[in-house]
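1. The amino acid sequence is not available; the structure is as follows:
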């Protein structure tokens, strides 16, 4: 195989969501295992939440559907 041939990457390079450095192939989209572990820890602690709107009502457990 010719060493001059260029290989098109499967994914475009993106900055790491934790520190902004270029992402690495083994830990995509993160730059390192450290940044990947930091993000996982935030998920496990519940730091990432989707807030509900105030006008949404929670259904009562006693009411039939």
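-> Received, thanks. Note that the structure is predicted; figures quoted are calculated from it, not measured.
2. Would you state the helices of the chain in chain order?
-> Along the chain, the stretches classed as helices by DSSP state H are 33-45.
3. what are the ranges of the strands in it?
-> Counting by DSSP state E, the chain has no strands to list.
4. Give the residue spans of it that score low on pLDDT.
-> Across the chain, residues meeting the criterion (pLDDT under 70) sit at 1-4, 9, 11, 56-65.
5. Would you check that residue 13 makes contact with residue 22?
-> Yes: between residue 13 and residue 22 there is a contact under Cβ atoms under 8 Å: 5.5 Å. C-beta here means a position set from N, CA and C on the backbone, and glycine is covered the same way.
6. Kindly tell me how buried residue 18 is, as a neighbour count.
-> Other residues near residue 18 number 17, with proximity taken as other Cβ atoms under 10 Å.
7. tell me, how many neighbours does residue 31 end up with?
-> When counting by other Cβ under 10 Å, one arrives at 20 neighbours for residue 31.
8. And it, how far from residue 43?
-> For residue 31, the distance to residue 43 (Cβ to Cβ, to the nearest Å) stands at 18 Å.
9. Residue 37 now?
-> In this view, residue 37 and residue 43 are 11 Å apart by Cβ to Cβ.
10. So for these two, which sits in the more crowded spot?
-> The residue with more neighbours, out of residue 37 and residue 43, is residue 37; 13 against 9, by other Cβ under 10 Å.
11. Contact partners for the more buried one?
-> In this structure, residue 37 makes contact with no residue, judged by Cβ atoms under 8 Å, 6 or more residues apart in numbering.
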